[in-house]
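Undergrad: below are the sequence and a predicted model for it; my questions follow.
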Amino acid sequence: MRRVLVTGASRGIGRAVALAFAERGDRVAVHYATDSAGAADTRRRLPGAGHAVVAGDVGDPDGAQRIVTEAVAALGGIDVLVNNAAVAPSADNRHSVTEVDFPEWRRIWQQMVEVNLFGAVHLTYGVARHLIDRGASGSIVNIGSRGAFRGEPDFSAYGASKAALHAFGQSMAVALAPHGIAVSSVAPGFVGTERQAPELTGTSGEALRAESPFGRVGTPEEVAAAVLYLASPEAAWASGAVLDLNGASYLRT
Ligand SMILES: NC(=O)c1ccc[n+]([C@@H]2O[C@H](COP(=O)([O-])OP(=O)(O)OC[C@H]3O[C@@H](n4cnc5c(N)ncnc54)[C@H](OP(=O)(O)O)[C@@H]3O)[C@@H](O)[C@H]2O)c1
C-alpha cells in the first residue's frame, strides 16, 4: 500500500488516476481547487479505506505547501505525487498572439505558468523534502502534454508550461535519483474527458479522431494505466522519461 497525492482529481484524468491507484489497494488524497462536489464524488467512487480529500490552489506557493502538509497529515505520509492539476486550453483562455491585447496575453501567460508549472514545482519541492526527511523512496509523475512538442498556436502559454514541466521533471529525475525518488512525465494527446466532450461532437470530433491512425482519441483510463506503471517500483529505471500517449498522432524524433 502506498500513499498517493493526485492533484486536480475532481474529474477527468485526475479522477481516473485516483481510481486506478485505489483499485490496486493504495490510499489516495484526492485534491481539488474549486469543485468540492466533484472531489467528493471521486472520493466516493474509490474502493478501499483511508482515502482523503484536500483542497487548495496549486498556483499559490503557500497553498501548494499546505496541500502537501494536509495530505501528509491525512494519509500519514506521501509516497507518490501525481502532478495533474492544470489550467487546460478552453474558449476562455485562448490567446492567439494575433488576437488578444497585451494585458490579456500577460494575464493568461501568468495564470498558466503559475498553475501548470509553478504548481508542480512547489508540490514537488514539498513531497521531495518529505520523502528525503523520511529516508523513503518514492515516485513523482507529471501530466504533461503532446502540445509541448507539437506546438499550441492558440495556447502558447499552455504548450510552454508543459514543455517546462517535462524539462523540470527531467532535472528532478537527476537530482532525486540518489534519494531513490523516480520522476517521470506523460505527454498525452487529446483525451476524451468530461471537459473535452463538446469538442468531440460534429466535425471537430471527426478531425480530432482522425489525428490518430487508430481513428479515436485517448481515454483517461489509458493515461491512468501509464501513470500507475511509471509510479511503480518496477519503473524506477524509466526515471527521466517523457512518455508519449498519443495513439501515434505525433511522432517526435
Ligand atoms: N484532456 C486532455 O485532452 C489532455 C491532453 C493532454 C494533457 N492533459 C493534461 O491532463 C491533466 C488533466 O486534464 P483534464 O482534461 O482531466 O483537466 P480538467 O478536466 O480541466 O481538470 C483539471 C483539474 O485541475 C484542477 N485545477 C485547475 N486549476 C487549479 C488550480 N489553480 N489549483 C489546483 N487545482 C486546479 C481542477 O480542479 P477544480 O475542478 O476543483 O477547480 C481539476 O480537478 C492536465 O494537466 C492537462 O493539461 C489533458
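TA: Arrived safely, thanks for sending. Being a predicted model, the structure only gives us computed values, none of them experimental. Residues are numbered from 1 along each chain as shown.

Undergrad: for the stretch 101-250 of the chain, which residues are neighbours of the ligand?
TA: Listed as neighbours of the ligand in the stretch 101-250 of the chain under the rule CB under 6 Å from any ligand atom: 115, 143, 145, 188, 190-191, 193, 195-196. The C-beta positions use only the backbone N, C-alpha and C, and glycine is treated the same way.

Undergrad: now the phi/psi pair for the residue lying closest to residue 136 once chain neighbours are set aside, please.
TA: In space, residue 136 comes closest to residue 79 once its chain neighbours are excluded; the distance is 6.8 Å by CB to CB, 6 or more residues apart in numbering. For residue 79, the backbone dihedrals are phi -110, psi -30 (criterion: degrees, to the nearest 10).

Undergrad: residue 237 and residue 173: what is the separation?
TA: Using CB to CB, to the nearest Å, one obtains 11 Å as the distance from residue 237 to residue 173.

Undergrad: between these two, which has more neighbouring residues?
TA: Set side by side, residue 237 and residue 173 show unequal neighbour counts under other CB atoms under 10 Å, the larger going to residue 173 at 19 against 8.

Undergrad: show me the shaky parts of the stretch 151-253 of the chain.
TA: Across the stretch 151-253 of the chain, not a single residue meets the criterion (pLDDT under 70).

Undergrad: just the strands in it please.
TA: Listed from the start of the chain, the stretch 151-253 of the chain has strands (DSSP state E, counting those that start in this stretch) covering 181-188, 242-245.

Undergrad: ok, back up a step: the residue nearest to residue 136 against residue 27, yeah?
TA: No - Residue 79 is not in contact with residue 27 according to CB atoms under 8 Å; the separation is 9.4 Å.

Undergrad: which residues do the two both contact?
TA: Jointly contacting residue 79 and residue 27 under the rule CB atoms under 8 Å, 6 or more residues apart in numbering are 2-4.

Undergrad: check contacts around residue 163.
TA: Contacts of residue 163 were listed using CB under 8 Å, 6+ apart, and they are 144, 148-149.

Undergrad: which one of the residues you listed has the most neighbours?
TA: For those, neighbours were counted using other CB under 10 Å, and residue 144 has the most, 30 neighbours in all.

Undergrad: contact partners for it?
TA: When contacts are taken as CB under 8 Å, 6+ apart, residue 144 is in contact with 162-163, 165-166, 169, 185-188, 242.

Undergrad: quick one, phi psi at it?
TA: The phi and psi torsions at residue 144 (degrees, to the nearest 10) take the values phi -90, psi -140.

Undergrad: that one and residue 70, how far apart?
TA: Computed as CB to CB, the residue 144 to residue 70 distance reads 25 Å.

Undergrad: same check, this time on residue 212
TA: As judged by CB to CB, residue 212 and residue 70 stand 39 Å apart.

Undergrad: can you check residue 219 too?
TA: Between residue 219 and residue 70 the distance, using CB to CB, works out to 30 Å.

Undergrad: which one's more surrounded, the two?
TA: Regarding residue 219 and residue 70, a neighbour count based on other CB under 10 Å identifies residue 70 as having more, with 18 against 15.

Undergrad: in terms of contact, does that one touch residue 54 like I think?
TA: Yes - taking contact to mean CB under 8 Å, the distance of 4.6 Å between residue 70 and residue 54 places them in contact.

Undergrad: who touches both of the two?
TA: With CB under 8 Å, 6+ apart as the test, residue 70 and residue 54 both reach residue 29.
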